[in-house]
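Asker: I'd like to go over a predicted model; first the sequence, then the structure.
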Amino acid sequence: MAIVTVGIDLAKSVFAVHGVGVSGKPELVRPEVRRAKLLELIASLPPCLIGMEACSGAHHWAREFQKLGHTVRIMAPKFVSPYRMSGKHGKNDAADAAAICEAVTRPNMRFVPIKTIEQQSQLFIHRAQQGYLAERTALINRIRGLLSELGIVLPQSQKAFKQGVHQVLEDLPGHCNMVIGDMLSELGRLEERIAQNEKTIVQLARNDEQAKCLMQLRGVGPTTATAIVASIGSGHDFESGRQFSAWLGLVPRQNSSGGKAKLGRITKAGDSYLRTLLVLGARSMLMTAQNKGDAVSRWAMQLKERRGYWKAIIAIAAKNARMCWAALQLGEGFKVPT
């Protein structure tokens with residue numbers, strides 16, 4: 001079989017494989033391939049282009065297929081769906097595999113960078129930290145909600161909340177004291193995990209040259225730096241800093257027609273975690289800019305006065321994203337704006 005392009009619809013147990021030859025006609029159609037047989041099937045093919053949707057396990061399979069000499073590309077599912085011939089009403093695994101096979105050959109298709117096992121191991125720490133922070137917030141809200149049933153309303157800030165809850169803990173009636181005490185113990189364990197992860201992230205940043213280069217930028221700390229390096233590596237999958245910024249969803253959505261440019265809110269596409277970190281860093285930068293007189297701080301304050309607070313925040317975040325890409329590309333040749 002002269003297979004040149006293969007589309008694989010990934011799953012947990014049963015995969016769909018669609019391969020086409022030089023003429024573009026289907027040469028390999030396997031709507032059901034068991035997980036244990038997938039690698040054997042791909043190994044039997046000559047080196048070709050393999051496309052997959054970005055989902056759980058996509059990076060693992062991409063690395064395995066690359067070891068066999070194949071060229072692998074990963075795409076966001078929303079970029080694949082327009083190529084499904086049967087449309088929205090005819091969605092099935094075989095149709096998805098055929099759509100992936102067609103989409104991966106498009107010259108303007110945007111691909112997801114394939115992560116190494118080291119990058120994924122670092123992202124494990126970030127994903128766990130996200131979960132712990134969400135659990136902590138949920139637990140604090142649960143305690144606050146229960147206490148409000150007794151007419152006790154605590155402040156929203158964490159510091160004031162902890163002081164307040166310990167002050168009223170001994171005076172709680174019946175089983176209320178035991179329940180709230182158990183929740184506070186769980187809260188303490190969560191905070192220990194969060195603190196340990198923060199130390200691990202700081203250590204990772206200190207040991208990584210690329211992360212240290214990114215941390216030279218204002219508004220980019222250890223968490224943001226390590227997350228960016230773990231997500232995109234050296235940034236070779238992006239042609240420019242603006243493309244990286246657009247991949248993060250930090251550029252305005254366009255609705256232009258008739259020669260008139262209409263720009264709306266930011267697209268919020270791509271990695272929401274990286275986008276959130278950059279926005280938080282931009283808020284921190286703008287907060288400290290009013291006390292500084294350097295060129296970057298003056299630009300940030302002028303932007304805030306001219307366009308408003310939130311537009312300035314997004315503009316700073318987008319600028320930091322572009323500078324992060326430039327720093328990863330240039331390495332030691334990158335000069336930090338002053």
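Answerer: That came through, no problem. Residues are numbered from 1 along each chain as shown.
Asker: so how far is the helix or strand where Glu192 lies off the chain centroid?
Answerer: Element membership for Glu192 (DSSP states H and E) is helix 176-207. Using Cα atoms, centre = their mean, to the nearest Å, the mean C-alpha position of helix 176-207 is found 23 Å from that of the whole chain.
Asker: So which elements touch the helix or strand just after it?
Answerer: As assigned by DSSP H and E, the chain's next helix or strand after helix 176-207 is helix 209-214. Under the contact definition 3 or more Cβ pairs under 8 Å, 6 or more residues apart in numbering; DSSP states H and E, helix 209-214 sits against helix 176-207, helix 222-232, helix 309-330. Bear in mind the C-beta positions are built from the backbone N, C-alpha and C, glycine included.
Asker: Tell me which of these sits most buried.
Answerer: helix 222-232 (a mean of 24; mean count of other Cβ atoms under 10 Å).
Asker: Can you list the buried residues in whatever helix or strand comes next after it?
Answerer: Counting by DSSP H and E, the next helix or strand C-terminal to helix 222-232 is helix 241-247. Within helix 241-247, the residues scored as buried using 16 or more other Cβ atoms under 10 Å are Gly241, Gln243, Phe244, Ser245, Ala246, Trp247.
Asker: re earlier: now the helix holding Glu192: mean pLDDT?
Answerer: Mean pLDDT, helix 176-207: 96.
Asker: and it with helix 222-232, angle?
Answerer: Per axes from the mean of the first three to the mean of the last three Cα atoms, to 10 degrees, the angle that helix 176-207 makes with helix 222-232 is 70 degrees.
Asker: residue ranges of the strands in this structure, please?
Answerer: In the chain, the segments counted as strands under DSSP state E are 5-9, 14-20, 26-34, 49-53, 71-75, 252-254, 263-266.
Asker: returning to that earlier point: adding distance to Ser256, write the helices and strands packed on helix 209-214 out as a markdown table.
Answerer: Shown next, in a markdown table, are the helices and strands packed on helix 209-214 (distance: least, Cβ to Cβ, whole Å):
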| stretch | distance to Ser256 |
| --- | --- |
| helix 176-207 | 40 |
| helix 222-232 | 29 |
| helix 309-330 | 19 |
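Asker: quick one: which of the ones you listed is nearest Lys12?
Answerer: When the helices and strands packed on helix 209-214 are compared by Cβ to Cβ, helix 222-232 sits nearest Lys12, at 24.2 Å.
Asker: orientation of the closest one relative to helix 309-330 in degrees?
Answerer: Relative orientation of helix 222-232 versus helix 309-330 (the same axes, to 10 degrees): 60 degrees.
Asker: most tightly surrounded among the strands of the chain?
Answerer: Greatest average neighbour count among these goes to strand 5-9 (a mean of 26), per mean count of other Cβ under 10 Å.
Asker: Can you give me the domain assignment for this structure?
Answerer: As given by automatic domain parsing, the domain ranges for the chain are 5-103, 118-207, 210-333.
Asker: Please render those as a markdown table that adds distance to Met109 to the earlier fields.
Answerer: Putting these into a markdown table (distance: least, Cβ to Cβ, whole Å) gives the following:
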| stretch | distance to Met109 |
| --- | --- |
| domain 5-103 | 6 |
| domain 118-207 | 22 |
| domain 210-333 | 12 |
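Asker: Surely Lys262 touches Arg253?
Answerer: No. Lys262 is not in contact with Arg253 according to Cβ atoms under 8 Å; the separation is 9.3 Å.
Asker: thinking again about what came up before, quick one: closest of the domains of the chain to Phe111.
Answerer: Counting by Cβ to Cβ, Phe111 lies closest to domain 5-103 out of the domains of the chain; the figure is 4.9 Å.
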